[in-house]
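In: Next one to model:
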Amino acid sequence: EAVVKKYMEQLRALVNGDETELLKMAVRMPDALKTEREEIDETEFKAIEDAVEEALTEINNFRTAEGQALEKDLKLRVSNIEDLLQQIIKMDPDRIDGVKERLRKGVEEIKESVDENRFEQELVYYIEKFDITEEKVRLENHLNYFNETLNSKDSNGRKLAFISQEMGREINTIGSKSNYAPMQQLVVQMKDELEKIKEQLLNVL
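Out: Residues are numbered from 1 along each chain as shown. Predicted structure coming up:
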């Protein structure tokens with residue numbers, strides 16, 4: 001304040017301006033707005049340092065707890081998909097038998113006599129379109145890879161998200177090939193579990 005006043009006195013002796021204009025000029029002069037900062041003492045610094053360390057520890061503890069809860073939930077969802085897949089594998093022979101029976105009845109209803117060997121060949125060709133063996137194997141591999149990645153030290157959300165996308169492809173293909181209501185119901189449940197996995201992963205990306 002004393003410096004600014006001194007500058008204003010000197011400016012007033014040079015120019016005839018109003019106080020506001022003189023003040024504007026004065027505050028632009030060297031040292032007019034110099035700010036002095038008191039250094040904190042060692043005790044204050046230690047208190048701040050301790051508080052920061054405590055806050056960082058709490059953040060890490062929270063992140064660890066949150067990560068453990070997320071890991072537990074993801075493993076549960078993957079386990080649920082695996083259980084549903086086993087149910088699909090178990091019912092698959094019945095599904096194929098049902099497809100064969102429907103085809104045989106269809107032929108009988110149109111009262112056509114067919115060559116049994118030719119019928120079996122056509123049946124094999126038709127059944128191949130409904131075969132989900134590859135999808136089942138790939139989905140099992142994706143589920144195992146997801147768990148391996150989740151358990152590894154370099155686990156990351158992006159990699160898990162990519163694996164979950166691949167899981168989705170196989171589940172969708174199983175659904176489109178199934179042509180069997182009980183199996184399609186299981187596929188819907190698998191999709192629901194997978195969506196929950198994707199939602200959780202979105203929170204960490």
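In: drop to CA atoms for contacts and neighbour counts, all remaining ones
Out: Noted.
In: Could you list the buried residues of the lowest-mean-pLDDT helix or strand in the chain?
Out: Scoring the helices and strands of the chain by mean pLDDT, DSSP states H and E places helix 116-130 at the bottom, with a mean of 72. Judged by neighbour count using 16 or more other Cα atoms under 10 Å, the buried positions of helix 116-130 are Phe130.
In: do stretch 174-193 as well
Out: So, applying 16+ other Cα under 10 Å, buried residues of stretch 174-193: Ile174, Gly175, Lys177, Ser178, Tyr180, Met183, Gln184, Leu186, Val187, Met190, Lys191, Glu193.
In: Now the helix or strand hosting the second one - C-alpha only, PDB.
Out: Think Gly175. If you go by DSSP states H and E, Gly175 is part of helix 157-178. Output of helix 157-178 as PDB, limited to C-alpha atoms (Å, rounded to 0.1, in the frame of the first residue of the first chain):
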ATOM      1  CA  GLY A 157     -10.300 -53.900 -18.900                       C
ATOM      2  CA  ARG A 158      -9.800 -53.500 -22.600                       C
ATOM      3  CA  LYS A 159      -8.500 -57.100 -23.000                       C
ATOM      4  CA  LEU A 160     -11.400 -58.400 -21.000                       C
ATOM      5  CA  ALA A 161     -13.900 -56.300 -23.000                       C
ATOM      6  CA  PHE A 162     -12.400 -57.800 -26.200                       C
ATOM      7  CA  ILE A 163     -12.800 -61.400 -24.900                       C
ATOM      8  CA  SER A 164     -16.400 -60.700 -23.800                       C
ATOM      9  CA  GLN A 165     -17.200 -59.500 -27.400                       C
ATOM     10  CA  GLU A 166     -15.900 -62.800 -28.700                       C
ATOM     11  CA  MET A 167     -18.000 -64.600 -26.100                       C
ATOM     12  CA  GLY A 168     -21.000 -62.700 -27.400                       C
ATOM     13  CA  ARG A 169     -20.300 -63.800 -31.000                       C
ATOM     14  CA  GLU A 170     -20.400 -67.500 -30.000                       C
ATOM     15  CA  ILE A 171     -23.500 -67.100 -27.800                       C
ATOM     16  CA  ASN A 172     -25.400 -65.300 -30.600                       C
ATOM     17  CA  THR A 173     -24.400 -68.000 -33.100                       C
ATOM     18  CA  ILE A 174     -25.600 -70.700 -30.800                       C
ATOM     19  CA  GLY A 175     -28.900 -68.900 -30.400                       C
ATOM     20  CA  SER A 176     -29.400 -68.500 -34.200                       C
ATOM     21  CA  LYS A 177     -28.500 -72.200 -34.800                       C
ATOM     22  CA  SER A 178     -30.400 -73.700 -31.900                       C
END
